[in-house]
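>>> Predicted model follows, preceded by the sequence.
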Amino acid sequence: MKTKSTRVLLPLCVMGMIFSVCISCEKDDNNPNQRGDNNQNPGVFTCGGLFTDSRDGTTYKTVSIGNQCWFAENLAYLPYVIGEDSISFDNPLFYVYGYNGDSVQEAKQTENYITYGVLYNWPAAMNNADVIYSADPNFFDFEQGACPDGWHLPSDTDFDMLIDYLRSLGNEIPDTTSFNFARHLASTTLWLESEVENSVGYNVLENNSTGFNALPSGILGFDWRVNNTVFYGMGEFTRWWSTSHAYNFYHIMYLPQMRYDEENINNNGHAHADQALPIRCVKNY
């Protein structure tokens, strides 16, 4: 009987081991952290989960809003860094708010990098695209720019889709009209306080119902208050690069902007190509 039991149990154990190995090798489509080649294989990345940039290993939260998938954090890709005293219309430059050195390692250890990511001038945002300026507002649609593979620098069309979706919800978002949706995209911390009802800074704890988590990252630009190009605006506003722009011979671009004391996102934010702004990447669709 002892010999018979051994003969029966041995194949059962082997079969159990094979079954266990097969189960562990199956792809879990519900795991947002499971990666395929270049994060592009169908079913591997699920919006609302985490996305890892293969260039530097940085992991980003993502959020699904309507039919779009957005980064829920500012882009933090930083191949090199430079201080506010160096600006350029033509050469790609990367900055971290308040940091004026040239050490990527040091810059990445600052609180502002960890919280707000990187500020990019226009050539850096566009990844030094062959054509930097165009009068056609749709010329750069789906331009990857500084974003990872499979994502792109948003155009006005992308921002309009985001805003139109929120407007379409109407009263489905509590205490929201078609004209006071900015706070539903804004983070629940870091914004200055405002007495303007329904503005981003009015009651920050009620912000961010969408999970977009817009941060008041400020910019590097010309501040008329000090008559110089400096880092300014942190806590007050954010202004994002868009590939759709109007410009004149000063290369002025009109960009989406969110302020602590306003209810909406507007396109009154402007920047020259040598100024540095944050980036929110949107998934290709």
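Nice, I can see it.
>>> Only C-alpha atoms from now on, for both contacts and neighbour counts.
OK.
>>> Now for the residue sitting nearest the centre point of the chain: which residues touch it?
The centre of the chain sits closest to R280, judged by Cα atoms, centre = their mean, with a distance of 2.8 Å. The neighbours of R280, taking Cα atoms under 8 Å, 6 or more residues apart in numbering as the test, are 70-75, 153-154, 240.
>>> How much space separates it from F94?
Distance, R280 to F94, by Cα to Cα, to the nearest Å: 15 Å.
>>> same question, A271
For A271, the distance to F94 equals 16 Å [Cα to Cα].
>>> try G117
11 Å.
>>> same question, T210
From T210 to F94 the distance is 29 Å (Cα to Cα).
>>> more neighbours, these two?
F94 (24 against 17; other Cα atoms under 10 Å).
>>> what are the bridge partners for that one, then?
On DSSP bridges, the residues paired with F94 through beta bridges are Y120.
>>> going forward can the numbers begin at 50, since that is how I track them
Sounds good: first residue 50 from here, last item F143.
>>> thought it was touching I131?
Yes. Counting by Cα atoms under 8 Å, F143 touches I131, with 6.3 Å between them.
>>> Please enumerate the shared neighbours of the two.
With Cα under 8 Å, 6+ apart, F143 and I131 have no common neighbours.
>>> residue boundaries of the strands in the stretch 200-334 of the chain?
Ranges of strands in the stretch 200-334 of the chain, per DSSP state E, counting those that start in this stretch, are 200-201, 266-272, 277-283, 286-288, 302-308, 315-320, 331-332.
>>> and those, which is most packed in?
Compared across these, strand 286-288 shows the largest average neighbour count, a mean of 25 (mean count of other Cα atoms under 10 Å).
>>> Run the chain-centre distance for it.
13 Å (Cα atoms, centre = their mean, to the nearest Å).
>>> What pairs with it, parallel or antiparallel?
Strand 286-288 sits in its sheet next to strand 302-308 (antiparallel), going by DSSP bridges.
>>> the inter-axis angle of the partner strand versus strand 266-272?
Relative orientation of strand 302-308 versus strand 266-272 (axes from the mean of the first three to the mean of the last three Cα atoms, to 10 degrees): 130 degrees.
>>> just to revisit the earlier point, in JSON lines: the strands of the stretch 200-334 of the chain, plus distance to T107 and mean pLDDT.
Shown next, in JSON lines, are those (distance: least, Cα to Cα, whole Å; pLDDT from 0 to 100):
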{"stretch": "strand 200-201", "distance to T107": "15", "mean pLDDT": "96"}
{"stretch": "strand 266-272", "distance to T107": "19", "mean pLDDT": "94"}
{"stretch": "strand 277-283", "distance to T107": "23", "mean pLDDT": "94"}
{"stretch": "strand 286-288", "distance to T107": "22", "mean pLDDT": "96"}
{"stretch": "strand 302-308", "distance to T107": "25", "mean pLDDT": "87"}
{"stretch": "strand 315-320", "distance to T107": "27", "mean pLDDT": "79"}
{"stretch": "strand 331-332", "distance to T107": "16", "mean pLDDT": "97"}
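>>> Nice, that's everything, thank you.
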